[in-house]
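K.L.:
Fold the following.
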Amino acid sequence: MAWATGIPMNRRTFLAASSAATAAAATLAPSSQVHAAEGAAGPRELYELRRYHLRRGPRQKVFEDYVKDAWLPAMGRLGIGPIGIFQVMLGPESPTLFKLIPYKSAEEFISTPGRLREDAEYKKAGAEAINAPATDPTYLRVESSLMGAISGIPKLEVPPQTKEGKGRIFELRIYESHNKRANLKKIEMFNEGELSIFRRAGLTPVFFGETLVGPRQPNLTYLLVFDDLTARDKAWRTFGGDPDWKKLSSTPGYTDPEIVTDISNLLLRPAAYSQI
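P.N.:
Purely as a prediction, here's the structure:
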């Protein structure tokens, strides 16, 4: 999806992507009505998760320098952030770089590529990557998903480790369901109790998003943060033994065989310049 790169694209592609995003935002299920759902924390955010498949060698550094020195500062000038930049710690398809971008609204998501291309400082700082020829690209391809925050965690939560300048790792998890009804039931399960059990067990969330546009739908995607692998293993053991979790997960309508068909996860390491 060329519109997701922040690098120039043709007008027809952008309009098609914009229309798709607008339609998705306008037809959200009740669990993800970004504008209509208001609470103490305000409207729910949208999240774009981009996965860049990179090339080994010197062009990998060119792309990562572009992200750090051109793209990320430009997004900051647009008032968009905090943005997470991650590399695969354990998982397939390395080298891969992830971007997690929060948006306040569908309009902000749609307008950002055009506003970015008007930023002269961005174009100058990122010239080598932006103007890379087809014979020597800086990345192989990019995939993108658009998600709406669930009501139980309406805004991205910056980890305490990030605020304190400490080391951290992240776990990206995707729960696929066999149909939308089951997907919404899993979201309800988190909203009604599983999120609080997560927090109590040390499974600290960064975001939870209902996927609106992207592959492997319907799915719920979320990101957790840990101090290290030892803390991760301890938190999952604590969660698995929690009596409230055992009760909730055995409740008819909430059991895995009824609402989840596949679970996948990746362990990610934040880039030194990540804001999350």
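K.L.:
and stretch 79-98, how far apart are its ends?
P.N.:
End-to-end distance of stretch 79-98 (C-alpha to C-alpha, to the nearest Å): 20 Å.
K.L.:
One more: stretch 124-136?
P.N.:
Termini of stretch 124-136 sit 19 Å apart (C-alpha to C-alpha).
K.L.:
hang on, R141 in a helix?
P.N.:
No. Read with DSSP: H, G, I helix; E, B strand; the rest coil, R141 is strand and lies in no helix.
K.L.:
Check the secondary structure at the closest residue to it other than its chain neighbours for me.
P.N.:
Residue nearest to R141 in three dimensions, not counting chain neighbours: H53, with 5.2 Å by C-beta to C-beta, 6 or more residues apart in numbering. (Each C-beta comes from the backbone N, C-alpha and C, glycine too.) Secondary structure, three-state DSSP: H53 is strand.
K.L.:
ok, H53 touching L140?
P.N.:
Yes. Shown here, H53 and L140 form a contact pair, counting by C-beta atoms under 8 Å, at 4.5 Å.
K.L.:
about what we covered before: quick one: contacts for the residue nearest to R141?
P.N.:
93, 96, 139-143 (C-beta atoms under 8 Å, 6 or more residues apart in numbering).
K.L.:
Mark which of those are buried, thanks.
P.N.:
Buried subset of these (neighbour count, 16 or more other C-beta atoms under 10 Å): 96, 139, 142.
K.L.:
tell me the pLDDT at the last one?
P.N.:
It refers to V142. On the pLDDT scale, V142 is placed at 96.
K.L.:
What of the second one?
P.N.:
The predicted local distance difference test score for Y139 is 95.
K.L.:
Which parts of the stretch 151-276 of the chain are helices?
P.N.:
Along the stretch 151-276 of the chain, counting by DSSP state H, counting those that start in this stretch, helices occupy 160-163, 180-189, 195-201, 229-240, 243-249, 256-259.
K.L.:
To M147, which of those helices lies closest?
P.N.:
helix 180-189 (11.2 Å; C-beta to C-beta).
K.L.:
circling back: wait, which of the contacts of H53 is closest to T230?
P.N.:
T96 (24.6 Å).
K.L.:
for the closest one, what are its contacts?
P.N.:
Neighbours of T96 in contact, by C-beta under 8 Å, 6+ apart: 51-54, 87-88.
K.L.:
farthest-separated two in those?
P.N.:
Distance extremes for the contacts of T96: the farthest pair is H53 and Q87 at 12.2 Å, using C-beta to C-beta.
K.L.:
For the closest residue to S264 other than its chain neighbours, list the residues it contacts.
P.N.:
Leaving aside its chain neighbours, S264 sits nearest to I174 (5.0 Å; criterion: C-beta to C-beta, 6+ apart). Listed by C-beta under 8 Å, 6+ apart, the contact set of I174 reads 216, 219-221, 262-265.
K.L.:
same check, this time on N219
P.N.:
Per C-beta under 8 Å, 6+ apart, neighbours of N219: 174-177, 183, 211.
K.L.:
related to what we said a few turns ago, in CSV, list the helices of the stretch 151-276 of the chain along with mean pLDDT and mean neighbour count.
P.N.:
Listed next are the helices of the stretch 151-276 of the chain as CSV, based on pLDDT from 0 to 100; neighbours: other C-beta atoms under 10 Å:
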stretch, mean pLDDT, mean neighbour count
helix 160-163, 95, 14
helix 180-189, 98, 19
helix 195-201, 98, 17
helix 229-240, 98, 14
helix 243-249, 98, 13
helix 256-259, 97, 13
